[in-house]
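Q: Build the 3D model from these lines:
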Amino acid sequence: MTITMIALLAAAGFLSGAVNAIAGGGTFLTFGAMTLAGVPPISANATSSIVQFPGYITSTIAYRDEIAHRWRSALLLAIVSVVGAFAGAFALLSLDNPSFRQIVPWLLAAATAVFAAGPWLKPKSSTERSGNSPACIIGQFLTSIYGGFFGAGMGIMMLAVLGITTGGTYHHLNALKNLLAVLIAAVAIVVFVGGGVIAWAEAIVMIPAGALGGYAGVWMARRVPQSVMRWCVVAVGIGLTVYYFVTG
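A: Down below sits the predicted model:
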């Protein structure tokens with residue numbers, strides 16, 4: 001890698017950590033940077049899971065009290081998420097890069113649309129219901145399959161599904177979402193590492209940068225409007241979508 005490319009990857013890792021702390025959507029930045037670096041799409045997607053993982057862990061730790069409050073729902077949904085993530089990750093590895101390349105623009109377009117609609121999908125506080133309902137289990141299973149397969153926009157999808165099917169305060173839903181995201185990402189990482197599709201050189205550059213960005217994101221969150229960061233990420237998503245459609 002050239003110095004310029006290392007700087008680009010580090011910047012993307014840093015910004016992905018920051019925007020995840022503020023508005024989410026860091027996968028768009030890491031996936032886009034690795035695309036520019038010439039990383040094949042399957043490896044770029046798989047490596048993004050590793051880059052985002054530290055931020056998921058720290059967010060989950062911060063929400064440990066809320067998770068303890070809903071541990072029964074968390075336990076069942078955790079099992080469902082692990083099974084779904086395995087299915088999604090293995091489905092990705094069953095494809096070759098040309099096949100995955102053909103569906104990437106559609107995935108990006110859908111994820112960008114979901115991310116742009118995030119403020120309207122954000123759940124409102126409601127009466128908390130059991131997370132053991134068939135609707136909740138099926139919804140989380142489908143979301144975790146998507147998360148294992150691609151991942152961009154997964155958090156917003158999960159919040160929307162949990163909000164509709166279980167209710168509760170936003171922070172309780174966000175805590176549960178973060179825990180399940182850790183499990184989905186961990187499963188995907190195990191499968192992708194075993195499949196030999198991780199771009200380790202790029203990951204080594206972006207992981208520490210992402211950790212720093214996540215820390216800086218707390219500072220930025222107090223000074224940069226969330227809407228500004230959100231629409232910057234949407235712009236990246238639109239750019240990536242157009243790029244993959246045009247070059248496909």
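Q: so who does L95 touch?
A: L95 is in contact with I42, counting by Cβ atoms under 8 Å, 6 or more residues apart in numbering. C-beta coordinates here come from the backbone N, C-alpha and C atoms, glycine included.
Q: That one in helix, strand or coil?
A: With DSSP: H, G, I helix; E, B strand; the rest coil as the basis, L95 sits in coil.
Q: doesn't V197 fall inside a helix?
A: No. Read with three-state DSSP, V197 is coil and lies in no helix.
Q: Now for it, how many residues are close by?
A: 18 (other Cβ atoms under 10 Å).
Q: repeat for D65
A: Neighbours around D65, by other Cβ under 10 Å: 10.
Q: which SSE is it in?
A: Assigned by DSSP states H and E, D65 belongs to helix 64-69.
Q: If we go by neighbour counts, what in that helix is buried?
A: Within helix 64-69, the residues that qualify as buried are 66-67, 69, counting by 16 or more other Cβ atoms under 10 Å.
Q: avg pLDDT for it?
A: Across helix 64-69, pLDDT averages out at 75.
Q: May I ask which helix or strand of the protein has the lowest mean pLDDT?
A: Within the chain, confidence by mean pLDDT, DSSP states H and E is lowest for helix 118-121 among all helices and strands, at a mean of 69.
Q: Quote the end-to-end distance of stretch 150-169.
A: Counting by Cα to Cα, to the nearest Å, you get 28 Å between the two ends of stretch 150-169.
Q: thinking again about what came up before, run through the neighbouring helices and strands of the helix holding D65.
A: Judged by 3 or more Cβ pairs under 8 Å, 6 or more residues apart in numbering; DSSP states H and E, helix 64-69 is in contact with helix 170-194.
Q: what helices or strands is the helix it packs on leaning on?
A: Contact analysis of helix 170-194 by 3+ Cβ pairs under 8 Å, 6+ apart lists helix 41-62, helix 64-69, helix 71-93, helix 134-149, helix 154-165 as its packing neighbours.
Q: Could you tell me the least trusted of these?
A: Here the lowest mean pLDDT among those goes to helix 64-69, at a mean of 75.
Q: Go ahead and name everything in contact with it.
A: 60, 74, 171-172, 174-176, 179.
Q: want to try a markdown table for those residues, with distance to L8 and neighbour count as columns?
A: Converted to a markdown table, the contacts of helix 64-69 look like this (distance: Cβ to Cβ, whole Å; neighbours: other Cβ atoms under 10 Å):
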| residue | distance to L8 | neighbour count |
| --- | --- | --- |
| T60 | 29 | 20 |
| A74 | 38 | 20 |
| H171 | 35 | 12 |
| H172 | 38 | 22 |
| N174 | 31 | 21 |
| A175 | 34 | 24 |
| L176 | 35 | 28 |
| L179 | 32 | 24 |
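Q: Report the lowest-confidence entry in those.
A: Lowest pLDDT within those is found at H171 (71).
Q: That one contacts Y63, correct?
A: Yes. Between H171 and Y63 a contact is recorded at 7.3 Å, counting by Cβ atoms under 8 Å.
Q: How many residues are close by C232?
A: C232, neighbours per other Cβ under 10 Å, totals 17.
Q: Test my guess that it contacts A18.
A: No. Counting by Cβ under 8 Å, A18 is not a contact partner of C232; they are 10.5 Å apart.
Q: Please report how far L240 lies from T166.
A: Per Cβ to Cβ, to the nearest Å, L240 is found 32 Å from T166.
Q: and what of A152?
A: 24 Å.
Q: Look at these two and report which has more neighbours.
A: For A152 versus T166, neighbours defined as other Cβ under 10 Å are more numerous around A152 (29 against 26).
Q: Read off the pLDDT value for the more buried one.
A: On pLDDT, A152 comes in at 79.
Q: same question, I189
A: pLDDT, I189: 92.
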